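> Give the three-dimensional model of this entry:
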Amino acid sequence: MNYKFNLRSYVCICLLVTTFIVAVFTSHGLNKFKYNHDKKVSMLMAFNQENYLQHKLIMNAMQSFFKSSKNVKRAEFEIFTRELLDERVALLFTLTPELALGYISDRAFIPQLDTLVTSLDNDGRLNGLLPHYRLIVLDIDEPNMPYLFYAIPLESLLFNIDKLKNTCLQYSSLQLFVENDYCTMQSINMMPDFLRYRTDLDISIPEYNFYYTLGIESQVSPTRLIEFICILLAILFICTLISVLLYFKLVNKHLFNRIERENKFNVAMVSSINHEIRTPINALLGYSQMLRDMPKISDEHSVIIDKMLWSANLLYSVAENTLNYSKSTTSTLVLNNAPINTLQCIGNIQDYYNKLSIPAGKTLDFRVSDKLPAVISVDSSKLFQVITNMLNNALKYSTGKAVSCHVDICQRPAFNEESNIRGYYLRILIQDSGLGMSKSTKELLINPFTMDAESKLKQVSSIGLGLYTCNQLLTQIGGKLRLHSVKNEGTKIMLHFPCQFDPSRLSPQLNPVNYGDMGILIVDDNSFNLEVCSAMLAEKRFNTICANNSKVALIQLVNTEPDVVIVDYQLDEMNGLELIAKMKCIQANTQTQYFILSANDKNEIAGSECHSDIVFMQKPFNIAIFLSCLGSGT
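Predicted structure coming up:
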């Protein structure tokens with residue numbers, strides 16, 4: 001599915017959704033208009049029903065009045081009709097057999113009767129027509145006056161038309177057709193037909209031969225129509241705005257996913273390259289160390305070997321910084337905490353610098369607090385990287401001669417302002433006595449590719465990944481890097497590295513450890529790695545047994561019952577975790593400690609979180625980190 005097709009589909013979906021919303025709103029609006037019309041019709045029916053009952057009561061009363069008396073006097077007729085009609089504008093009068101005026105309810109209306117026209121229909125019934133009135137003829141039992149006329153004004157028939165605004169009312173019968181003024185105005189109105197509503201009500205009183213049709217026609221008022229159109233336009237605008245915003249959100253998500261894929265690809269590529277160069281770096285470090293420890297090495301050759309070791313470690317540091325820099329851009333850095341012997345770990349870092357020859361004219365002073373716990377849970381690989389990165393920078397770039405490193409532990413609130421949880425941190429203060437950092441050098445904390453144009457060390461070139469990566473690493477794992485530099489007074493770097501420990505376990509004095517009684521089984525299908533790891537461990541007087549495949553490793557496990565097993569993760573027949581699972585099933589020594597040696601970080605190995613009893617180490621094999629983790633489970 002290409003991007004163009006997705007965009008076309010998105011536009012179609014937006015149009016369909018907008019059309020549906022507009023259709024629903026339009027339907028609701030039209031139904032509301034129709035409801036208002038039906039409400040007027042109901043109101044008109046109620047008015048008509050009320051008037052119908054009143055007229056019927058009046059006509060029934062008049063018939064009863066004539067039936068109850070044999071000879072109705074004029075005065076009696078006038079009094080009764082006046083009381084009956086009360087304030088109504090209706091008129092009651094009688095006609096003689098000769099169709100002459102008999103009695104009338106109000107003599108003031110006698111002149112209007114001059115326009116009265118009477119006629120007989122096909123059934124012989126008498127009908128009358130009087131302008132502005134609707135006549136109902138009643139037969140009464142009175143020989144002198146057999147006809148009683150009930151004259152209803154048209155205004156009464158059309159009810160209270162002023163109460164039904166924007167409504168056309170029409171009265172029609174066989175003899176008469178009347179409509180209100182709004183009907184004339186409506187006829188010249190250009191309102192569409194679908195905004196007009198009409199209902200015709202057939203009204204009849206058969207016993208009085210009274211039939212007529214009352215029509216009601218209404219339309220949407222201009223105010224309501226403008227309101228409806230404005231709301232409709234607002235809905236269209238909102239739908240369009242939401243569609244545009246959602247479009248940009250989807251585009252941004254598409255771009256974000258593409259960037260995320262590219263970042264993951266870059267991390268995978270850098271990780272793959274890092275994986276490939278770890279083995280030769282491991283061999284270079286191991287063989288250089290073996291050469292240095294050989295007897296009868298001249299001072300000249302020893303200096304060359306020291307430079308090889310220093311360069312190999314710098315190469316490893318650059319490779320590790322490059323990988324962690326790639327991970328930091330995708331926020332995939334995580335802590336892989338494991339218990340370590342604290343003083344031994346710091347001592348191994350100090351020994352690391354002593355053996356790798358500190359640059360000429362430089363001194364490195366390690367100071368460890370007495371309050372440092374004996375065992376802490378920490379990501380030793382990242383801790384080693386952060387400390388050595390900062391020390392390498394101080395030894396490499398500082399113009400001063402003395403570099404000091406002070407390590408202690410503190411408890412403080414989290415560096416995340418949203419959290420008030422107090423935690424434990426290893427606090428490492430690294431200080432030099434040089435000229436201090438320039439302004440552009442300090443920018444390396446936020447920009448890894450800043451070049452220090454002001455530095456006096458013109459012979460030194462760096463892209464600043466070490467300082468930037470350490471800052472990003474500490475930030476992502478909940479730590480902090482603080483830098484303070486004053487001209488001609490040197491630079492101080494304070495590192496807070498998160499850790500966990502049991503406060504009841506205090507740190508003992510660090511005494512030399514004899515590893516002569518400890519047996520280690522090393523399993524790796526690469527002969528270089530086997531030889532290098534074996535030589536590095538032999539230097540510490542470990543008893544090492546090597547196996548280049550899983551079958552030999554299982555046999556050696558049964559025969560030697562080692563105290564420690566170091567397994568390469570990538571083996572020919574199975575991976576290291578699968579081999580360790582088999583070893584646990586057949587081992588006799590339940591105190592055996594297992595290590596996985598891999599070019600990948602722990603969180604990059606599938607299923608690593610399920611093996612808390614296995615220590616994961618990254619290549620190249622680092623004897624300092626190994627010794628720090630050795631026996632940490634006890």
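
> partners of the closest residue to Asn36 other than its chain neighbours in the sheet?
Of all residues beyond its chain neighbours, the one nearest Asn36 is Ser218 (7.4 Å), with distances taken as C-beta to C-beta, 6 or more residues apart in numbering. The C-beta positions use only the backbone N, C-alpha and C, and glycine is treated the same way. With DSSP bridges as the criterion, Ser218 is bridged to Thr167, Tyr197.

> my guess is Ser218 meets Cys168, correct?
Yes. Here Ser218 reaches Cys168: they are 7.1 Å apart, a contact under C-beta atoms under 8 Å.

> Compare the two (neighbour count), which wins?
Per other C-beta atoms under 10 Å, whichever of Ser218 and Cys168 has more neighbours is Ser218, with 26 against 22.

> Let's see the pLDDT reported for the more buried one.
Per-residue pLDDT puts Ser218 at 80.

> and what of His406?
For His406, the predicted pLDDT is 91.

> now Cys230
Cys230 is given a pLDDT of 90.

> What distance do you get for it to Pro146?
Using C-beta to C-beta, to the nearest Å, Cys230 is found at 65 Å from Pro146.

> Quick one: mean pLDDT over stretch 55-67.
In the prediction, stretch 55-67 has an average pLDDT of 85.

> May I see the buried residues of that stretch?
His55, Ile58, Met59, Met62, Gln63, Phe65, Phe66 (16 or more other C-beta atoms under 10 Å).

> I'd like to know how far the first one sits from Leu126.
This means His55. For His55 relative to Leu126 (C-beta to C-beta), the value is 19 Å.

> Which parts of the stretch 201-350 of the chain are helices?
222-293, 299-329, 342-355 (DSSP state H, counting those that start in this stretch).

> so which of these comes closest to Leu395?
Closest to Leu395 of the helices of the stretch 201-350 of the chain, according to C-beta to C-beta: helix 342-355, at 8.1 Å.

> Point out where the stretch 351-500 of the chain drops to low pLDDT.
Judged by pLDDT under 70, the stretch 351-500 of the chain has its weakly predicted residues at 355-357, 417-420, 438-466.

> quick one: which of the buried residues of stretch 55-67 is nearest His254?
Closest to His254, out of all of these and judged by C-beta to C-beta, is His55, at 76.1 Å.

> after the strand or helix carrying that closest one comes which helix or strand?
For His55, the host element (DSSP states H and E) is helix 3-67. Using DSSP H and E, the helix or strand that follows helix 3-67 in sequence is helix 74-85.

> among the helices and strands of the protein, which has the poorest mean pLDDT?
Least confident element among the helices and strands of the chain, by mean pLDDT, DSSP states H and E: helix 439-442 (a mean of 63).

> Next, report how far the next helix-or-strand element following that one is displaced from the centre of its chain.
Remark: after helix 439-442, the chain's next helix or strand is helix 465-476, criterion DSSP H and E. In terms of C-alpha atoms, centre = their mean, to the nearest Å, the centre of helix 465-476 is found 29 Å from the chain centre.

> what helices or strands is helix 465-476 leaning on?
helix 299-329, helix 380-397, strand 480-486, strand 490-501 (3 or more C-beta pairs under 8 Å, 6 or more residues apart in numbering; DSSP states H and E).

> can you list those in a markdown table and add distance to Gln289?
Shown next, in a markdown table, are the helices and strands packed on helix 465-476 (distance: least, C-beta to C-beta, whole Å):
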| stretch | distance to Gln289 |
| --- | --- |
| helix 299-329 | 7 |
| helix 380-397 | 16 |
| strand 480-486 | 31 |
| strand 490-501 | 27 |
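
> could you list every residue that touches Leu630?
Each residue near Leu630 by C-beta atoms under 8 Å, 6 or more residues apart in numbering is listed here: Asn341, Val564, Gln593.

> so how far is Asp299 from it?
In terms of C-beta to C-beta, Leu630 sits 34 Å off from Asp299.

> which regions of the stretch 101-250 of the chain sit below the pLDDT cut-off?
Residues of the stretch 101-250 of the chain that meet the cut-off, pLDDT under 70, sit at 155-166, 175-176, 184-191, 193-194, 208.

> Tally up the residues packed near the nearest residue to His611 once chain neighbours are set aside, please.
Closest residue to His611 apart from its sequence neighbours, by C-beta to C-beta, 6+ apart: Leu577 at 6.5 Å. Leu577 has 19 neighbours, counted by other C-beta under 10 Å.

> got a pLDDT number for Leu577?
As predicted, Leu577 sits at a pLDDT of 90.

> And Tyr594, by the same measure?
So Tyr594 comes in at 91 (pLDDT).

> Can you tell me the element it falls in?
strand 593-598.

> what's next to that strand, contact-wise?
With C-beta under 8 Å, 6+ apart, strand 593-598 has contacts from 524, 529, 533, 563-570, 576-577, 580, 583, 605, 608, 613-619, 621, 626, 629-631, 633.

> Please name the strands paired to it in the sheet, noting orientation.
Strand pairing for strand 593-598, using DSSP bridges, gives strand 564-568 (parallel), strand 614-618 (parallel).

> Give me the packing partners of the next helix or strand after the last one, helices and strands only.
Yep, that's strand 614-618 we're talking about. Heading C-terminal from strand 614-618, the first helix or strand you meet, by DSSP H and E, is helix 623-629. Using 3+ C-beta pairs under 8 Å, 6+ apart, the elements in contact with helix 623-629 are strand 338-341, helix 342-355, helix 380-397, helix 527-539, strand 614-618.

> okay if I get the ones you listed as a markdown table plus mean neighbour count and distance to Pro131?
As requested, the helices and strands packed on helix 623-629 are arranged in a markdown table below (neighbours: other C-beta atoms under 10 Å; distance: least, C-beta to C-beta, whole Å):
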| stretch | mean neighbour count | distance to Pro131 |
| --- | --- | --- |
| strand 338-341 | 23 | 111 |
| helix 342-355 | 19 | 118 |
| helix 380-397 | 21 | 108 |
| helix 527-539 | 19 | 122 |
| strand 614-618 | 23 | 110 |
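
> right, and the ones you listed - which one's nearest His132?
Of all the helices and strands packed on helix 623-629, it is helix 380-397 that lies closest to His132, at 104.0 Å by C-beta to C-beta.

> other SSEs contacting that closest one?
helix 299-329, helix 342-355, strand 402-413, strand 422-432, helix 465-476, strand 490-501, helix 623-629.

> quick one: which of those is nearest Ala538?
Among the helices and strands packed on helix 380-397, helix 623-629 comes nearest to Ala538, with 10.8 Å by C-beta to C-beta.

> if we can go back for a sec, which of Cys230 and Pro146 has more residues huddled nearby?
Pro146 (16 against 10).

> pretty sure Ile586 is touching Gln556, no?
No. Judged on C-beta under 8 Å, Ile586 makes no contact with Gln556 at a distance of 11.8 Å.

> Run the chain-centre distance for stretch 382-394.
Worked out by C-alpha atoms, centre = their mean, stretch 382-394 lies 38 Å from the chain centre.

> what's in contact with it?
Stretch 382-394 is contacted by residues 313-314, 317, 320-321, 324, 335-336, 345, 349, 352-353, 364, 403, 405, 426, 428, 430-432, 466-467, 469-470, 473-474, 477, 491, 493, 495, 497, 622, 624-625 when judged by C-beta under 8 Å, 6+ apart.
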